[in-house]
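Enquirer: Provided below for reference: sequence and predicted model.
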Amino acid sequence: MIVYSVFNMPTSKAPSRRRGALRATAAAHPAADVGSLFATPLKHRTLEELAYEHIRTALVQGKLAPGQRIVAAAVARAAGISRIPVLQALRRLESEGFVRINPHRDVVVSSLSPEEFRERFLLMAALEPLCLREADGKIAPLTLKRLREVQAEIVTARRAGDTGRAVAADGRFHRMLWEVSGLRQVVQVLQNVWDRGEYYRVIMHARRGGFAAESIAEHEEILRALEVGDTARAAQAVERHRLRAMARLAETT
């Protein structure tokens, strides 16, 4: 067994008592036979992963609207696969809050109540500033350059009336702010919360005549603070941005 072989590699005259203790530990905690866990080597992405990513993308992009039913059999036929990986993907999406699976196996795209919206925005208003405070001294000039480029893309998309492109670029802008923190679990939480609200953000911006000019101005506040190395001010700016976005969404949906 692996553990036993590691613990019994030649050493420089280890005391016999110690060797006996190590053997006892190996016997009490045998190494797992990991070879039995996988029928074949994991060389390709599974059908479940592919189904999950495609359905999740459709949800985020608003192609599947809140309250709409998802028929697993129809998804499977369209994808040319069996229902099993589709159902597995839907169960994973349910665990993340994107869909709701009813007792009689109907799958419905989740809707967010005003209370849920408020809670999610408050969560982001707490975690996004945390990321910037944690990033103090870590933000490289190249990162600032890329943030400026994404901001310019948002402005260009807004002028062209391409709300979807502007919202997608907005997502990249914020994810860059999160990732400089190095807090991987916080980034994962933020991304899940962000994705759940993508559909509603697109609708909100569209109803305001395109990507909100207020959001662009608030991005500028964040960028200017970062460009002078004031992450504390940037953290305050991103918190204000999130709370103002919450108010704008409440006004327009």
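Expert: Alright, I've got the coordinates.

Enquirer: relative to Ala168, how far out is Arg201?
Expert: For Arg201, the distance to Ala168 (Cβ to Cβ, to the nearest Å) stands at 10 Å. Bear in mind the C-beta positions are built from the backbone N, C-alpha and C, glycine included.

Enquirer: now Asp162
Expert: Counting by Cβ to Cβ - Asp162 and Ala168 are separated by 9 Å.

Enquirer: so which of these two has more stuff around it?
Expert: Neighbour tally, Asp162 and Ala168, criterion other Cβ atoms under 10 Å: the higher count belongs to Ala168, 19 against 15.

Enquirer: before we move on, what's the pLDDT of that one?
Expert: The per-residue pLDDT reported for Ala168 equals 87.

Enquirer: residues in contact with the helix or strand where it lies?
Expert: Secondary structure assigned from DSSP states H and E places Ala168 in helix 163-179. Under the criterion Cβ atoms under 8 Å, 6 or more residues apart in numbering, residues 61, 127-128, 131-132, 135, 143, 146-147, 150-151, 153-154, 157-158, 186-187, 190-191, 194, 198, 201-202, 205-206, 210-211, 215, 219, 222, 238 lie in contact with helix 163-179.

Enquirer: filter these to the buried ones?
Expert: Those of the contacts of helix 163-179 that meet the buried threshold are 127-128, 131-132, 135, 143, 147, 150-151, 153-154, 157-158, 186-187, 190, 194, 198, 201-202, 205-206, 210-211, 215, 219, 222, 238, by 16 or more other Cβ atoms under 10 Å.

Enquirer: residue closest to the middle of this protein?
Expert: For the chain, the residue sitting closest to the mean C-alpha position, by Cα atoms, centre = their mean, is Gln191 at 2.7 Å.

Enquirer: look up how far Glu119 lies from it.
Expert: Gln191 is 17 Å from Glu119, by Cβ to Cβ.

Enquirer: shaky segments in this structure?
Expert: Residue ranges of the chain with pLDDT under 70: 1-44, 199, 203, 253.

Enquirer: now with 50?
Expert: Along the chain, the model assigns pLDDT under 50 to residues 1-14, 22, 25-26, 31-39, 41-43.

Enquirer: ranges for the strands of it?
Expert: Using DSSP state E, the strands of the chain run over 69-70, 99-101, 107-109.
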